[in-house]
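Student: my questions are about this predicted structure, shown below with the sequence.
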Amino acid sequence: MTAARPTLDEFRAAAERLRGVCVRTPLVPLHEDEPRPRLWLKVETHQPVGSFKLRGVYNAVAQLDPAARGRGLSTVSAGNTAQALAWCGLELGVPARSRMPDTAPQTKIDAVRRYGGEPVLVPAAELFRFLAERGWEHEPYAFIHPWIDRDLRIGHGTMALEILADLPEVEAVYVPVGGGGLIAGVGTALKLLAPRVRVVAVEPTTCAALHASLEAGRPARVACKTMCDGVAVPYITDEMFPILREVVDDVRLVPEAAVRASIRRLALRDRLVVEGAGALALAAALADPAAPAGRTVCLVTGGSIDTATLVDILNDDSLG
């Protein structure tokens, strides 16, 4: 799945493939009390499934052998990839089955079902064991790996083409990281088109597998407990590590309180509802003096947050 590095032609072909399926999401300035924008937001919550995941999942599914696709689709997901897979299954008329942690937000479980997908809830340890042991090789469905699938990464990387078209002077892009599929795609495309752009990986302080891996010089496993369920991956795979080491220029870690503050700010000042992982990039850039004013883009990756969690954050005046 991780053979040759994607080419610029492949990213451009994916962009054409996604035309009419995914939204060409806007790059909008963060609302601030000054006339010129300091930070720009790539608002992927506007996608049909509420997150960027549809880009990669559809690009991968669309290129499957029709006979394999007809047997049904499967993946492993905290929720957003599962929603994207269910959407694709509904669009293409095939079953879509996703293993999800039994701690997944009910919002995400319900959304998968609304699209006609089948969520299979299992303990997180079993989910990661399934991935580590390549359990998908023993099931009839066509499996879309949420991180290492090459076509999935290429689909995610189409975001980079849009960012450079809308803000050619961009100098830094902040990207939330879980398993690494998003930043691998976006980072690879940026390095092909504009190698000057800094690719900044962002992780929760309490689930920082990429940071630990880069520090160790090899894939590492960490303890992981975070409200950012969309990036709650406790390790970096052997397949992803060399790609991430190549495309990532910096790593920033974000405490949970800063994530909550970022969610609140986006809701109250920018009228954007985002989940924990979707708020990570902004939280990091706001705290980073190295973020170039007016030329920094933060990926707002998803908006599937449980209502109770959102209400609790909005009522927390201590967050500012």
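Tutor: Good, I have the coordinates. Numbering: from 1, shown residues only.
Student: mind giving me the packing neighbours of the lowest-mean-pLDDT helix or strand in the chain?
Tutor: In the chain, no helix or strand scores lower on mean pLDDT, DSSP states H and E than helix 124-132, which sits at a mean of 88. If you count contacts as 3 or more CB pairs under 8 Å, 6 or more residues apart in numbering; DSSP states H and E, helix 124-132 packs onto strand 73-76, strand 96-101. Backbone N, C-alpha and C define where each C-beta goes, glycine included.
Student: where does pLDDT dip in the stretch 151-300 of the chain?
Tutor: Along the stretch 151-300 of the chain, the model assigns pLDDT under 70 to no residue.
Student: tell me where it has helices.
Tutor: Counting by DSSP state H, counting those that start in this stretch, the stretch 151-300 of the chain has helices at residues 181-193, 209-216, 241-247, 256-269, 276-287.
Student: for residue 299, which of these is the nearest?
Tutor: The stretch from the helices of the stretch 151-300 of the chain with the least distance to residue 299 (CB to CB) is helix 276-287; that distance is 5.0 Å.
Student: phi first, then psi, for residue 302.
Tutor: phi -160, psi 160 (degrees, to the nearest 10).
Student: quick one: pLDDT of it?
Tutor: Residue 302 is assigned 95 on the pLDDT scale.
Student: go on, residue 2?
Tutor: 44.
Student: now stretch 61-79: buried residues?
Tutor: For stretch 61-79, burial by neighbour count (16 or more other CB atoms under 10 Å) applies to 61, 62, 64, 69, 72, 73, 74, 75, 76, 77, 78, 79.
Student: what do you get for stretch 288-298?
Tutor: Within stretch 288-298, the residues that count as buried by 16+ other CB under 10 Å are 288, 291, 295, 296, 297, 298.
Student: how long is it from one end to the other?
Tutor: Stretch 288-298 has its terminal residues 12 Å apart, counting by CA to CA, to the nearest Å.
Student: show residues contacting it.
Tutor: Outside stretch 288-298, the residues that touch it by CB atoms under 8 Å, 6 or more residues apart in numbering are 27, 30, 36-42, 163, 167, 169-174, 200, 250, 252, 281-282, 284-285.
Student: now, the residues you listed that are in strands?
Tutor: Judged by DSSP state E, strands contain the following of these: 27, 40, 41, 42, 172, 173, 174, 200, 250, 252.
Student: quick one, which of these are buried?
Tutor: Listed as buried from these are 27, 40, 41, 42, 172, 173, 174, 200, 252; burial here means 16+ other CB under 10 Å.
Student: now the fifth one: how far from residue 133?
Tutor: Between residue 172 and residue 133 the distance is 38 Å, computed by CB to CB, to the nearest Å.
Student: swap in the last one?
Tutor: Noted for residue 252: a distance of 32 Å to residue 133, by CB to CB.
Student: repeat for the second one
Tutor: For residue 40, the distance to residue 133 under the criterion CB to CB works out to 41 Å.
Student: and the first one, by the same measure?
Tutor: According to CB to CB, residue 27 stands 41 Å off from residue 133.
Student: same check, this time on the fourth one
Tutor: Using CB to CB, one gets 35 Å for the distance from residue 42 to residue 133.
Student: what would the helices of the stretch 151-300 of the chain look like in TSV with distance to residue 86 and mean neighbour count?
Tutor: Compiled in TSV, those are given as follows (distance: least, CB to CB, whole Å; neighbours: other CB atoms under 10 Å):
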stretch	distance to residue 86	mean neighbour count
helix 181-193	18	26
helix 209-216	27	20
helix 241-247	27	18
helix 256-269	25	20
helix 276-287	19	28
